[in-house]
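In: any chance you could fold what I've pasted below:
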Amino acid sequence: MTSIGESLPLTGVNELIRFQALMPARGQVRLGTLNNLRWLAVVGQTIALLVVRLVLNFDFPLLLAVAPVAASAVMNIVLAIAYPSARRLRPREATAFLAYDILQLAALLYFTGGIENPFALLFVAPVVISAATLDVFGTLFLGGLSFIAIIFLWQTHLPLPWSPVNGFSLPQLYQVGIWVSLLLGIGFTSIYAWRIAGEATRMSAALSATQLALAREHRLASLGALAAAAAHELGTPLGTIAVVAHELERELAGNPHADDFRLLRSEADRCRGILARLAQPEESVLGQMERLSVGALLDDIAAPHRGVDVGIVLDIQPGPPPKIWRVPEILHGLGNLIENAADFATSEVRLRARWDERVLTIEVIDDGPGFAAEIFEQIGEPYVTSRPHRRKDIGKTAALSYGKQEGMGLGFFIAKTLVEQTGGSVTARNKVRGGAIVTATWPRGAIDGPNPPRQELRF
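Out: Numbering: from 1, shown residues only. Presented below is the predicted three-dimensional model:
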């Protein structure tokens, strides 16, 4: 099983989408969140200005000080009207809004004492919000803007409102201490918030990945139990079918329908053999661990699926072929993909193998209707199917045509899961002129190395 702390090999399209959806997104801040925080600042700043001017009777330019507060209120109203509150801001947009908050606070403090005003501590807030939600570049920009604003207010500002007017002045050394404490406070709290937010993101990602892994393991276990139950329940009726077909074949010797009963009996025997392997998987694997060239392996896998209506063509790259381990995951995974393509193909299924120094790719190409566009995000999930499943005419009797029926959608899921357990990935797309292409890709050495592929729980 892949360690959660390592890079997670997200190989499935749908798993990738689901995993990213569960991860906390950096830079994805709602506009409504920033607007609500700004409204709190507007209310708090308005109350503070009115109390200082009307209750404490401290003299300062009230109208000038109220101007930045009114500008924030107007901006919030305009944003609320122009955009929905649930809108997700891009990192640059969120950085711009927080930069405005820093400049607005700097303008307000300019009229009310500069860094001598105890509310200068609020410079920390926008930078901490950025460190917790935005990227490092936005945080560095806002931190630099705050430093510039603090230095500017240290050098020039209107007197701090006091009684008597201009009757209070902090010592220069104390002002330097305030300046240093603001700079250190912004730096320390920002780094602390950044580290905590990053740790929370990694922990959330690990928990989400664990949930996906457990969910897939549960689905595989359920399918294994279902296969064992099917092997047990279907054994007896298939045996009865084989016996009856054998008797009918013997009694109708020379009859044109004898070939159909012979085919029916052989298919029933084949089903019984498959069910026997499902019931005792450990015995079916014994003696199968060998290496075959990619062409021989594909020919071996495709052999049971060669029919009278669909031709299977091998398209192998020239040159010395890689030798692939003949393990059950490869046999059943690629076998399901080939069977699925044969069911939906009109006349041909092409197996194309390509390789280079980095990857080994096997494509299963059919000329059927292709995948429906609306299910691409769900490809690989169980019970998801869109293409009508066609059963071919069996034997020589046209009356045995079964028409069309819907598939269960488990074949692709099982194939994808088995391929990923050997270190590969499966993707699907449609051809331009009809048909589907399913691609299985492995890094070199995963299934053609000196040792058999190690089963991994991939998610």
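In: can you give me the helices for the stretch 251-400 of the chain?
Out: Secondary structure of the stretch 251-400 of the chain by DSSP state H, counting those that start in this stretch: the helices cover 258-279, 281-285, 294-302, 328-344.
In: quick one: name whatever helix or strand follows the helix or strand of the chain with the lowest mean pLDDT.
Out: Here the helix or strand of the chain ranked lowest by mean pLDDT, DSSP states H and E is strand 404-406, holding a mean of 40. Toward the C-terminus, strand 404-406 is succeeded by helix 411-421 as the next helix or strand (DSSP states H and E).
In: would you indicate which residues of the helix or strand following that following helix are buried?
Out: Downstream of helix 411-421, the next assigned helix or strand under DSSP H and E is strand 425-430. By neighbour count on 16 or more other CB atoms under 10 Å, the buried set for strand 425-430 is 425, 426, 427, 428. Where you see a C-beta, it was placed from the backbone N, CA and C, and this is true even at glycine.
In: could you dump those into CSV with pLDDT and distance to residue 354 added?
Out: Shown next, in CSV, are the buried residues of strand 425-430 (pLDDT from 0 to 100; distance: CB to CB, whole Å):
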residue, pLDDT, distance to residue 354
425, 91, 15
426, 91, 15
427, 90, 14
428, 89, 17
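In: distance to residue 185 added to the residues you listed, as TSV?
Out: Listed next are those as TSV, based on distance: CB to CB, whole Å:
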residue	distance to residue 185
425	48
426	52
427	50
428	54
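In: quick check: which ranges of the stretch 301-450 of the chain have low pLDDT?
Out: Under the criterion pLDDT under 70, the flagged ranges of the stretch 301-450 of the chain are 307-310, 374, 376-378, 380-410.
In: can we see that at 80?
Out: Applying pLDDT under 80 to the stretch 301-450 of the chain flags residues 304-312, 372-411, 413-414.
In: do the same with the stretch 1-150 of the chain
Out: Along the stretch 1-150 of the chain, segments meeting pLDDT under 80 span 1-29, 86.
In: please repeat the previous calculation with a cut-off of 70.
Out: 1-28.
In: quick one, strands of it?
Out: Using DSSP state E, counting those that start in this stretch, the strands of the stretch 1-150 of the chain run over 29-30, 88-89.
In: out of the ones you listed, which is the most enclosed?
Out: strand 29-30 (a mean of 20; mean count of other CB atoms under 10 Å).
In: give me the contacts around that strand.
Out: Residues outside strand 29-30 that contact it (CB atoms under 8 Å, 6 or more residues apart in numbering): 85, 86, 87, 88, 89, 94, 133, 134.
In: in stretch 337-353, which residues are buried?
Out: Quick answer for stretch 337-353 (16+ other CB under 10 Å): 337-345, 348-353.
In: check contacts around residue 42.
Out: By CB under 8 Å, 6+ apart, the residues touching residue 42 are 69, 72, 73, 76.
In: if we go to 10 Å?
Out: Residue 42 is in contact with 68, 69, 70, 71, 72, 73, 75, 76, 104, counting by CB atoms under 10 Å, 6 or more residues apart in numbering.
In: so of those residues, which ones are in helices?
Out: The helices, defined by DSSP state H, take in 68, 69, 70, 71, 72, 73, 75, 76, 104 from the contacts of residue 42.
In: re the thing from before, which of the helices of the stretch 251-400 of the chain is buried the deepest?
Out: It is helix 328-344: most buried of the helices of the stretch 251-400 of the chain by mean count of other CB under 10 Å, with a mean of 22.
In: surely residue 195 meets residue 139?
Out: No. Applying CB atoms under 10 Å as the test, residue 195 and residue 139 come out as separate, 11.9 Å apart.
In: ok so, going back, can you put the helices of the stretch 251-400 of the chain in JSON lines and add distance to residue 173?
Out: Output for these, formatted as JSON lines (distance: least, CB to CB, whole Å):
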{"stretch": "helix 258-279", "distance to residue 173": "84"}
{"stretch": "helix 281-285", "distance to residue 173": "81"}
{"stretch": "helix 294-302", "distance to residue 173": "79"}
{"stretch": "helix 328-344", "distance to residue 173": "74"}
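In: nearest to residue 157, out of those?
Out: Of all the helices of the stretch 251-400 of the chain, helix 328-344 sits nearest to residue 157, with 71.5 Å by CB to CB.
In: using PDB, list the CA coordinates for the closest one.
Out: Below are the C-alpha coordinates for helix 328-344, written out as PDB (Å, rounded to 0.1, in the frame of the first residue of the first chain):
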ATOM      1  CA  PRO A 328      -3.800 -13.000 -13.100                       C
ATOM      2  CA  GLU A 329      -4.100  -9.200 -12.800                       C
ATOM      3  CA  ILE A 330      -2.800  -8.700 -16.300                       C
ATOM      4  CA  LEU A 331      -4.800 -11.600 -17.800                       C
ATOM      5  CA  HIS A 332      -8.100 -10.600 -16.300                       C
ATOM      6  CA  GLY A 333      -7.600  -6.900 -16.500                       C
ATOM      7  CA  LEU A 334      -6.800  -6.800 -20.200                       C
ATOM      8  CA  GLY A 335      -9.200  -9.700 -20.800                       C
ATOM      9  CA  ASN A 336     -12.100  -7.600 -19.500                       C
ATOM     10  CA  LEU A 337     -11.100  -4.700 -21.700                       C
ATOM     11  CA  ILE A 338     -10.900  -6.900 -24.800                       C
ATOM     12  CA  GLU A 339     -14.200  -8.600 -24.000                       C
ATOM     13  CA  ASN A 340     -15.800  -5.200 -23.500                       C
ATOM     14  CA  ALA A 341     -14.500  -3.900 -26.800                       C
ATOM     15  CA  ALA A 342     -15.600  -7.100 -28.600                       C
ATOM     16  CA  ASP A 343     -19.100  -6.700 -27.200                       C
ATOM     17  CA  PHE A 344     -19.500  -3.200 -28.600                       C
END
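In: how about the helices of the stretch 251-400 of the chain, which one is nearest residue 32?
Out: The nearest among the helices of the stretch 251-400 of the chain, by CB to CB, is helix 328-344 at 46.4 Å.
In: okay, the angle between that closest one and helix 411-421?
Out: On the basis of axes from the mean of the first three to the mean of the last three CA atoms, to 10 degrees, helix 328-344 is oriented at 150 degrees to helix 411-421.
In: now the angle from helix 328-344 to helix 294-302?
Out: Using the same axes, to 10 degrees: helix 328-344 against helix 294-302 is 60 degrees.
In: and the angle for helix 328-344 with helix 258-279?
Out: Put simply, helix 328-344 runs at 150 degrees to helix 258-279, going by the same axes, to 10 degrees.
In: chain center to helix 328-344, what's the gap?
Out: Averaging C-alpha positions (CA atoms, centre = their mean, to the nearest Å) puts helix 328-344 25 Å from its chain's average.
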